[in-house]
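J.: got a structure for you, letters missing:
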């Protein structure tokens, strides 16, 4: 296995996630970075920028139907979803030429990671009636509140 330097957008995303209580970022067994809470893998990021996040199938279906993610690129019928951050070749132009697009991509990835994180932190069951509530906790406004709370604690 060769060491591949993570794309800058992956590093920016991981820098934010590392600050969440109980989160650990380790090397994934197939390369890239793995986001864990305790012994549970929440997600992994490939160096190219593909983010794979695991959910119960009912929640996975809701996330895909809502346009928050796509079916997993290798295991489309599983609970895994894939979110494509801009590929490194796109970043050379996209992030420099369109920083707003990069910021939106990071926010979309953070939103998925936050859903996975909240599901584990709250011991949420996979009941379909709880899905809208869980997604509501992880919308852009909730993420902005979480970010500002974290910044005030670290200041």
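T.: Nice, I can see it. This one's a predicted model, so the numbers in the text were calculated from it and none came from an experiment. Numbers count the residues shown, from 1 in each chain.
J.: What segments of the chain are helices?
T.: 8-17, 57-65, 88-97, 99-121, 131-137, 140-154 (DSSP state H).
J.: just flag whichever of those has the lowest average confidence.
T.: Per-stretch mean pLDDT for the helices of the chain is lowest at helix 140-154 (a mean of 45).
J.: Can you spell out which residues form a bridge with residue 84?
T.: Counting by DSSP bridges, residue 84 forms beta bridges with residue 50.
J.: quick one: contacts for it?
T.: Residues in contact with residue 84, defined by CB atoms under 8 Å, 6 or more residues apart in numbering, are 49-51, 70. To be clear about C-beta, it is placed using only N, CA and C from the backbone, and glycine gets the same treatment.
J.: From those, pick the one nearest residue 57.
T.: Using CB to CB, residue 70 comes nearest to residue 57 of those, at 14.9 Å.
J.: Test my guess that the closest one contacts residue 81.
T.: Yes - the pair residue 70 / residue 81 is scored as a contact, 6.5 Å apart, by CB atoms under 8 Å.
J.: Pull up the overlap in contacts between those two.
T.: If you check residue 70 and residue 81 against CB under 8 Å, 6+ apart, the residues they both contact are residue 64.
J.: more crowded one of these two?
T.: The residue with more neighbours, out of residue 70 and residue 81, is residue 81; 26 against 13, by other CB atoms under 10 Å.
J.: Can you get me a residue count around the closest residue to that one other than its chain neighbours?
T.: Sequence neighbours aside, residue 69 is the residue nearest to residue 81 in space, at 3.7 Å (criterion: CB to CB, 6 or more residues apart in numbering). Close neighbours of residue 69, defined as other CB under 10 Å, add up to 25.
J.: Residue 69 touches residue 83, doesn't it?
T.: Yes - using CB under 8 Å, residue 69 makes contact with residue 83 at a distance of 5.0 Å.
J.: Now do the shared contacts for those two.
T.: 53, 112.
J.: Span of stretch 42-51 from start to end?
T.: One end of stretch 42-51 to the other measures 11 Å (CA to CA, to the nearest Å).
J.: which other residues reach it?
T.: 4-7, 9-10, 13-14, 23, 28, 30-36, 52-54, 73, 82-88, 91, 109, 112-113, 116-117, 120.
J.: and that stretch, which residues are buried?
T.: By 16 or more other CB atoms under 10 Å, the buried positions in stretch 42-51 come out as 42-51.
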